[in-house]
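Visitor: could you look at this predicted model? Sequence included:
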Amino acid sequence: MSNLTATQKDKLMADLRVVVSDAEELLRLTADDVGDASLGLRDRLKERLQHSRASLLDLQASATDKAKEAGRAADDYVHDHPWKSVAVGACVGLVVGMLIGRR
């Protein structure tokens, strides 16, 4: 899962949130059904929902930690090499300006 892009991870997290909320709604709607099979199914579903929710929170925390680490690394690089950072920023600005000017 480490080769997923940030957009794919965000979509996956959003999809998991939808699945969890739908499953919770299903549990609420079937609360009045008291058959033995449905009670067993409800218990398994609750357990899996708790596990899924914990996994989703772990994934979110991991993504947040990686983003913070990347920000710290960029900040450290800019502080260690300020003139290189200024030169890169100027080059990027020049290229963007030229592309905009061509239109």
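Guide: Happy to help now that I have it. Numbers count the residues shown, from 1 in each chain.
Visitor: C-alpha only now, for contacts and for neighbours.
Guide: Noted.
Visitor: are there helices or strands packed against the helix or strand hosting G71, and which ones?
Guide: Using DSSP states H and E, G71 maps to helix 36-80. Other elements packing on helix 36-80 under the criterion 3 or more C-alpha pairs under 8 Å, 6 or more residues apart in numbering; DSSP states H and E are helix 6-29.
Visitor: could you give the angle of the helix it packs on to helix 36-80?
Guide: 150 degrees (axes from the mean of the first three to the mean of the last three C-alpha atoms, to 10 degrees).
Visitor: what number of residues lie near V92?
Guide: 12 (other C-alpha atoms under 10 Å).
Visitor: just to revisit the earlier point, now do the buried residues in the helix or strand just after the helix holding G71.
Guide: Where DSSP H and E defines the elements, the next helix or strand beyond helix 36-80 is helix 82-102. If you call a residue buried by 16 or more other C-alpha atoms under 10 Å, then helix 82-102 has no buried ones at all.
Visitor: returning to that earlier point: what angle separates the helix holding G71 from helix 82-102?
Guide: Interaxial angle, helix 36-80 versus helix 82-102 (the same axes, to 10 degrees): 110 degrees.
Visitor: ok now helix 36-80, how far from the chain's centre?
Guide: On the basis of C-alpha atoms, centre = their mean, to the nearest Å, helix 36-80 sits 8 Å off its chain's mean C-alpha point.
Visitor: and the average pLDDT for that helix is what?
Guide: Mean per-residue pLDDT for helix 36-80: 82.
Visitor: do the same with stretch 89-103
Guide: pLDDT averaged over stretch 89-103 gives 92.
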